[in-house]
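J.: Quick one: sequence and predicted model below, then my questions.
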Amino acid sequence: YRKFLPQFATVAAPIHDVTNLTKDKRHKFKWQYAQSKAFHELQPMPVSKPLFLNYPIENIHLILTTDASGIGIGGILQQ
């Protein structure tokens, strides 16, 4: 759902800069101020307007999508 978050790529760039280095497992992950700042900027984005959940429209179906694995669960209510 990051395509719905304005400026996601720009805000998340510091995190991607360090995580992309670890893909081949030759580099250790270094979490520094830039990554922490980006993380704290990203946290409120999925629950902020214009993405915040609005009241459902009557007489239109709701779709509940769920997923689970051995380490986590998730769900999305869509209309």
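T.: Yep, it's here.

J.: Was I right to think Val18 contacts Tyr33?
T.: No. Using C-beta atoms under 8 Å as the test, Val18 is too far from Tyr33 to be in contact (11.9 Å). Glycine gets a C-beta too; all of them are placed from N, C-alpha and C.

J.: The chain: strands as residue ranges?
T.: Counting by DSSP state E, the segments of the chain that form strands are 63-68, 73-78.

J.: Check the offset of the first one from the chain's centre.
T.: Same thing as strand 63-68. The chain centre lies 17 Å from the centre of strand 63-68; the measure is C-alpha atoms, centre = their mean, to the nearest Å.

J.: same check, this time on the last one
T.: Using C-alpha atoms, centre = their mean, the mean C-alpha position of strand 73-78 is found 13 Å from that of the whole chain.

J.: Likewise for stretch 68-78?
T.: Chain-centre distance of stretch 68-78: 14 Å, with C-alpha atoms, centre = their mean.

J.: coming back round to it: with neighbour numbers in mind, choose between Val18 and Tyr33.
T.: Val18 (16 against 8; other C-beta atoms under 10 Å).

J.: Skipping adjacent residues, who's closest to Ile63 in space?
T.: Gln78 (4.5 Å; C-beta to C-beta, 6 or more residues apart in numbering).

J.: show me the contacts for that neighbour.
T.: By C-beta atoms under 8 Å, 6 or more residues apart in numbering, Gln78 lies in contact with 62-65.

J.: Nearest to Arg2 among those?
T.: The nearest member of these to Arg2, counting by C-beta to C-beta, is Thr65 at 17.0 Å.

J.: what about that closest one, how many residues close to it?
T.: If you count neighbours by other C-beta under 10 Å, Thr65 ends up with 9.

J.: is it true that it touches Gly75?
T.: Yes. Look at Thr65 against Gly75 with C-beta under 8 Å: they come within range, at 6.7 Å.

J.: Having no further points to raise, I will conclude here.
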